[in-house]
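K.L.:
A structural model of the following input is requested.
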Amino acid sequence: MPNNRAAATASFAPVDVPRGLAGVVVTDTALGDVRGREGFYHYRQYSAVELARTRGFEDVWHLLLHGELPDAAQRAAFLGRTAALRRLPDEVRAALPAIAAGSAGSGALAGMRTALSLLGASLGFRPVYDIGADRRRADTLAASAAVPTLLTALYRLGQGLDPVEPRDDLSYAANYLYMLTGTEPDETRARAIEQYLISTIDHGFNASTFTARVIASTGADVAACLVGAVGALSGPLHGGAPSRALDTLDAIGTPERIDSWIRERVLAGDRIMGFGHPVYRTEDPRSRMLRGIAEGFGGPLVDFAVEVERRVEAILAELKPGRELHTNVEFYAGVVMELCGLPREMFTPTFAAARVVGWSANIVEQAEDPKIIRPAARYVGEPAPQRVPAAA
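P.N.:
Residues are numbered from 1 along each chain as shown. Got it, this is the predicted structure:
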């Protein structure tokens with residue numbers, strides 16, 4: 001992987017950087033970028049939102065993994081290959097009831113950490129350091145294709161239901177909904193979820209993607225990289241927000257309570273879930289697209305969400321002049337998933353079903369760089385060395 005950074009020198013002198021590494025460039029990537037001040041992001045050379053509006057999930061998966069959008073023959077081959085990988089090895093399928101029972105209080109995403117580790121061992125994943133690019137891509141394809149099967153099986157087992165076996169004739173998104181509900185989804189809902197999935201496949205060096213790349217830089221296997229990424233995604237400040245954004249709408253309850261509820265939170269300095277983003281300083285383009293999808297469904301929930309969005313922005317302009325705060329992807333993602341019949345406990349797992357493809361592309365790219373990611377920290381504890389006291 002090309003690396004033209006001036007920082008790649010023989011010097012190891014400490015360099016102070018912003019908290020959270022905000023704005024710090026740590027590597028080069030050909031996978032895409034987020035241009036926060038413009039409200040724009042892209043996958044490789046294409047607008048991510050345009051891809052979500054005009055292409056299928058598998059096309060974008062192919063783009064990120066192979067560097068190009070597929071033609072008709074390539075699409076057919078890729079669809080066939082990934083569909084064949086949806087079925088789980090027997091030993092993984094047999095272990096799922098115990099995994100679901102063990103993670104009953106934490107949900108499908110927690111269970112998937114264990115299931116992914118087992119899947120990687122079952123399929124013989126080897127350290128990315130020891131294998132070539134083709135095998136790395138093959139391992140990520142196997143893991144990514146299996147993730148919807150794992151998530152939906154763990155959810156259904158947790159509900160006392162039998163898992164639904166995947167179908168080869170359905171798209172990634174439609175098959176996910178089918179395995180979750182046991183019913184083939186209508187085209188409108190399947191396409192709405194597909195557009196959500198495409199819009200969240202990748203998004204710069206967010207916490208989970210960076211975690212995956214850090215682990216990949218050690219040479220670990222694909223499953224280890226993905227398990228670490230899932231752990232990062234599970235945090236409420238990252239992937240855990242779509243259901244919390246809907247909880248905000250529930251807490252407000254009715255239109256006449258909007259202003260008082262928002263004013264109370266803003267004046268108290270509380271965070272309003274579903275609003276604000278660490279990168280975008282304008283409207284989140286994913287939110288804009290998902291709002292359009294939600295408005296296509298219509299109904300009281302959508303009307304209420306649009307009004308809450310409008311009043312939050314207006315009240316902030318009044319109480320916090322100059323402070324820009326817009327809806328982020330989680331706000332309307334929660335609305336769209338609710339309208340499509342997904343249970344709220346599956347909102348973040350659904351996010352993971354998309355992001356696993358982005359993580360995978362980042363793992364493959366990072367594995368080309370032989371340099372381990374190893375930053376430093378400033379010690380601020382008691383001065384050292386001090387004499388070790390004698391044992392009591």
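K.L.:
Val266: neighbouring residues, count only.
P.N.:
For Val266, the neighbour count with other CB atoms under 10 Å is 18. Quick note: C-beta positions are derived from backbone N, CA and C, even for glycine.
K.L.:
sorry, that was for Asp303
P.N.:
Quick note: Asp303 (other CB under 10 Å) scores 13 neighbours.
K.L.:
so how far is Gly228 from it?
P.N.:
As for Asp303, its distance to Gly228 is 40 Å (criterion: CB to CB, to the nearest Å).
K.L.:
try Glu194
P.N.:
Look at Glu194 and Gly228: by CB to CB, they are 27 Å apart.
K.L.:
Same check on Arg189?
P.N.:
Distance of Arg189 to Gly228, given as CB to CB: 32 Å.
K.L.:
From the chain's centroid, how far away is the longest helix seen in the chain?
P.N.:
When the chain is parsed with DSSP state H, its longest helix is helix 133-158. Relative to its chain's centre, helix 133-158 lies at 14 Å (CA atoms, centre = their mean, to the nearest Å).
K.L.:
Pull out the buried positions in that helix.
P.N.:
Neighbour-count burial for helix 133-158, counted by 16 or more other CB atoms under 10 Å, picks out 136-158.
K.L.:
on contacts alone, who are the packing partners of it?
P.N.:
helix 57-66, helix 72-84, helix 90-102, helix 108-122, helix 172-181, helix 222-233, helix 347-366 (3 or more CB pairs under 8 Å, 6 or more residues apart in numbering; DSSP states H and E).
K.L.:
In TSV: those, plus mean pLDDT, mean neighbour count and distance to Tyr41.
P.N.:
Compiled in TSV, these are given as follows (pLDDT from 0 to 100; neighbours: other CB atoms under 10 Å; distance: least, CB to CB, whole Å):
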stretch	mean pLDDT	mean neighbour count	distance to Tyr41
helix 57-66	98	22	13
helix 72-84	97	14	23
helix 90-102	97	16	34
helix 108-122	96	22	24
helix 172-181	98	24	20
helix 222-233	97	25	18
helix 347-366	97	27	11
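K.L.:
Chain neighbours aside, what residue packs nearest to Thr114?
P.N.:
Among residues not flanking Thr114 along the chain, Ile99 sits closest, at 5.1 Å (CB to CB, 6 or more residues apart in numbering).
K.L.:
need the contact list for the one you found.
P.N.:
If a contact means CB atoms under 8 Å, 6 or more residues apart in numbering, then Ile99 has Gly111, Thr114, Ala115, Leu118, Leu154 as its contacts.
K.L.:
10 Å instead?
P.N.:
The contact partners of Ile99, taken as CB atoms under 10 Å, 6 or more residues apart in numbering, are 92, 108, 110-115, 118, 150, 153-154, 157-158.
K.L.:
quick one: which of these is nearest to Glu184?
P.N.:
Checking these against Glu184 with CB to CB, the nearest one is Ala153 at 17.5 Å.
K.L.:
what's the burial count for the closest residue in space to that closest one that isn't next to it in sequence?
P.N.:
Leaving aside its sequence neighbours, Ala153 sits nearest to Pro163 (CB to CB, 6+ apart; 3.6 Å). Pro163 has 20 neighbouring residues, counting by other CB under 10 Å.
K.L.:
Equivalent analysis for Ser217, please.
P.N.:
By other CB under 10 Å, the residues close to Ser217 number 21.
K.L.:
quick one: it from Val128, how far?
P.N.:
From Ser217 to Val128 the distance is 10 Å (CB to CB).
K.L.:
joint contacts of those two?
P.N.:
What both Ser217 and Val128 touch, as defined by CB under 10 Å, 6+ apart, is the set Cys225, Ile363, Gln366, Ala367.
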